[in-house]
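Peer 1: I'd like to go over a predicted model; first the sequence, then the structure.
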Amino acid sequence: MRTLDGKVVVITGAGSGIGRALALNAAGRGALLAISDVNEPGLAETVDLVKAAGAREVRADTLDVADRAAMASYAAAVAEQFGRVNVVVNNAGVALAGDFTDLAYDDIDWIIGINLTGVLNGTKEFLPHLIASGDGHLVNLSSLFGLVAMPGQSIYNATKYAVRGMTEAIRIEMLAAGHPVGVTAVHPGGIKTAIARNARVSSKEDQAKTAQLFDKKLARMTPEKAASIIVEQGILGGKARVLVGLDAHLLHQFGRVLGSRYQDVVARVSKRVMPEKAKIV
């Protein structure tokens, strides 16, 4: 894909963060937008912003990506309205912090529903439309934590590793079948979004301290810069894997060089940097 001008671009989780930045970036390149989010006020703000940025056409839907029937109806409606779908970015995602033994099943089901099932739903329902377009591209958001594991992120790791594996397999299938669809797995590092502030945590985690650690020490890149990298290297550049941020590149190489021994190093370092557990009264 050489340009987004006149292309129909679908973005989930567009109510804030990387999703909103992607919508603005695509709008500035002449794309026709179909954006969604479960957060209706945030989505409305994005609509106003992309219109102010000169978006040619915008469709906005309140959508729970974990709802398979809703995603199926949404994909059909988008294809019917625009007549085609060229790019799909399965961006919607959430976070869950806490040691595995402390996590509640409800929270585990919640994050799997959005981070994995949501990406699966979006991919499954839109992929036929991407193939039919004759010029399609699928982008699935994994994470730096889809490349290396971190303590307190076991289920987040699980979802992001799964998204990576699924996306890479789909890319191979598209190549083997000769379908005109590029496929990119994106692995952002620390991006200045509200994901940590909106995260769920176990009963033994201090939500405020966990969010503060991410916001002040880990989140280095703006969503706008991240979106630019995703569009230029992934959608227009055709890269199969896009790492976003210096931290993503460094930790990825760290894991590759040390192999499984990186886990021992992370375990030692985490004792010094992880926030204290919450005091249960």
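Peer 2: Alright, I've got the coordinates. Residues are numbered from 1 along each chain as shown.
Peer 1: now the host helix or strand of residue 137: mean pLDDT?
Peer 2: Element membership for residue 137 (DSSP states H and E) is strand 136-141. For strand 136-141, the mean per-residue pLDDT is 98.
Peer 1: List the pairing partners of that strand within its sheet, with orientation.
Peer 2: Neighbouring strands of strand 136-141 in its sheet, by DSSP bridges, are strand 87-90 (parallel), strand 181-188 (parallel).
Peer 1: what about dumping the CA coordinates of the helix or strand following that strand to PDB?
Peer 2: The C-terminal neighbour of strand 136-141 among helices and strands, as given by DSSP H and E, is helix 154-177. Output in PDB follows, covering the C-alpha atoms of helix 154-177 (Å, rounded to 0.1, in the frame of the first residue of the first chain):
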ATOM      1  CA  SER A 154       1.300 -12.500  33.300                       C
ATOM      2  CA  ILE A 155      -2.100 -12.300  31.700                       C
ATOM      3  CA  TYR A 156      -1.300  -9.100  29.700                       C
ATOM      4  CA  ASN A 157       1.800 -11.000  28.500                       C
ATOM      5  CA  ALA A 158      -0.400 -13.900  27.600                       C
ATOM      6  CA  THR A 159      -2.800 -11.800  25.500                       C
ATOM      7  CA  LYS A 160       0.000 -10.000  23.700                       C
ATOM      8  CA  TYR A 161       2.100 -13.000  23.000                       C
ATOM      9  CA  ALA A 162      -1.100 -14.700  21.600                       C
ATOM     10  CA  VAL A 163      -1.800 -11.600  19.400                       C
ATOM     11  CA  ARG A 164       1.700 -11.800  18.100                       C
ATOM     12  CA  GLY A 165       1.500 -15.500  17.200                       C
ATOM     13  CA  MET A 166      -1.900 -15.200  15.600                       C
ATOM     14  CA  THR A 167      -0.900 -12.200  13.500                       C
ATOM     15  CA  GLU A 168       2.300 -13.800  12.300                       C
ATOM     16  CA  ALA A 169       0.500 -17.000  11.300                       C
ATOM     17  CA  ILE A 170      -2.100 -15.000   9.400                       C
ATOM     18  CA  ARG A 171       0.600 -13.100   7.600                       C
ATOM     19  CA  ILE A 172       2.100 -16.400   6.400                       C
ATOM     20  CA  GLU A 173      -1.400 -17.600   5.300                       C
ATOM     21  CA  MET A 174      -1.900 -14.500   3.300                       C
ATOM     22  CA  LEU A 175       1.500 -14.900   1.600                       C
ATOM     23  CA  ALA A 176       1.000 -18.600   0.900                       C
ATOM     24  CA  ALA A 177      -2.500 -18.000  -0.600                       C
END
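Peer 1: packing partners for helix 154-177?
Peer 2: strand 96-97, helix 105-112, helix 118-133, strand 136-141, strand 181-188 (3 or more C-beta pairs under 8 Å, 6 or more residues apart in numbering; DSSP states H and E). Every residue, glycine included, has its C-beta placed from N, CA and C.
Peer 1: Need the phi and psi values for residue 142.
Peer 2: phi -90, psi -130 (degrees, to the nearest 10).
Peer 1: residues near residue 71, how many?
Peer 2: 24 (other C-beta atoms under 10 Å).
Peer 1: Buried residues in the one helix or strand it maps to, which are they?
Peer 2: Following DSSP H and E, one finds residue 71 within helix 68-82. Buried residues in helix 68-82, counted by 16 or more other C-beta atoms under 10 Å: 68, 70-71, 74-75, 78-79, 82.
Peer 1: Would you mind confirming that residue 25 is in contact with residue 227?
Peer 2: Yes. Contact criterion C-beta atoms under 8 Å: residue 25 and residue 227 qualify, at 4.5 Å.
Peer 1: hmm, back to that, how far off helix 118-133 does the helix holding residue 71 point, in degrees?
Peer 2: With axes from the mean of the first three to the mean of the last three C-alpha atoms, to 10 degrees defining the directions, helix 68-82 sits at 30 degrees from helix 118-133.
Peer 1: Helix 68-82 packs against which elements?
Peer 2: Using 3+ C-beta pairs under 8 Å, 6+ apart: helix 68-82 touches strand 8-11, strand 32-37, strand 58-62, helix 118-133.
Peer 1: ok so, going back, as CSV, the buried residues of helix 68-82 with pLDDT and distance to residue 142 would be great.
Peer 2: Formatted as CSV, the buried residues of helix 68-82 follow (pLDDT from 0 to 100; distance: C-beta to C-beta, whole Å):
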residue, pLDDT, distance to residue 142
68, 98, 21
70, 98, 23
71, 98, 19
74, 98, 22
75, 98, 21
78, 98, 23
79, 98, 25
82, 98, 27
